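Visitor: Need a 3D model of the sequence below.
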Amino acid sequence: MSKDLIIIGTIMLLGSMQSVQADERGIHKDLPRSHAESHGEMKGIFVKKKTVDGYHLTFHVMKAAVDPSHGGAYQFKLKVEQNGRALNNLIVNSKVMHPKNQSESKMMLKMGDWYTAGYDLTHSGKHELIVLFKAKDGSKHSAGVTYPVEKQE
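Guide: Down below sits the predicted model:
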């Protein structure tokens, strides 16, 4: 009987480690421990997906690891895919419209399958995250999402 309980417990533990639940805004709440530890935080990660002109975009925001040397306390990341493959030959510019109508733009740097730029997204309110990318064929495409920040008191 105790052997059965150990097996069931192990299966349940492995199953819970694989699940990542996200609320309707795209903020992960229950990250597997190893993923959260590798990013140096437990609070959550913002992920939103969009399709624009046949390109599949993944917007990703997370606190910068230890060194915010890429320009801010948060990493704004973008992955562009087409036909199931990440596109690695794009020119990508990002723009963040902060609360109170302030904005800033940065070219995104290529890191693996992702393009990334650092921003300070600690202001209370909503930030509009906008990207403009130029594909290999010269066509230009843009998209954006809203990054929510809970009001800090």
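
Visitor: Now Lys49: closest residue in space that isn't a chain neighbour?
Guide: Thr58 (5.3 Å; CB to CB, 6 or more residues apart in numbering). For the C-beta atoms, the positions are set from N, CA and C on the backbone; glycine is no exception.

Visitor: Does His56 touch Val80 like I think?
Guide: Yes. Here His56 reaches Val80: they are 7.4 Å apart, a contact under CB atoms under 8 Å.

Visitor: which one of the two has more residues nearby?
Guide: Val80 (23 against 16; other CB atoms under 10 Å).

Visitor: per-residue confidence for the spatially closest residue to the more buried one that is not a sequence neighbour?
Guide: Nearest residue to Val80, sequence neighbours excluded (CB to CB, 6+ apart): Leu87, at 4.7 Å. The model reports Leu87 with a pLDDT of 95.

Visitor: what's the burial count for Leu87?
Guide: Other residues close to Leu87 by other CB under 10 Å number 18.

Visitor: any idea how far His56 is from it?
Guide: According to CB to CB, to the nearest Å, Leu87 and His56 sit 10 Å apart.

Visitor: Residues that sit against both of these two, list them.
Guide: Val80, Glu81 (CB atoms under 8 Å, 6 or more residues apart in numbering).

Visitor: Flag the helix or strand of the protein with the lowest per-element mean pLDDT.
Guide: Between all helices and strands in the chain, the lowest mean by mean pLDDT, DSSP states H and E belongs to helix 33-38, at a mean of 34.

Visitor: The residue nearest to Val80 against Glu81, yeah?
Guide: Yes. Counting by CB under 8 Å, Leu87 touches Glu81, with 6.7 Å between them.
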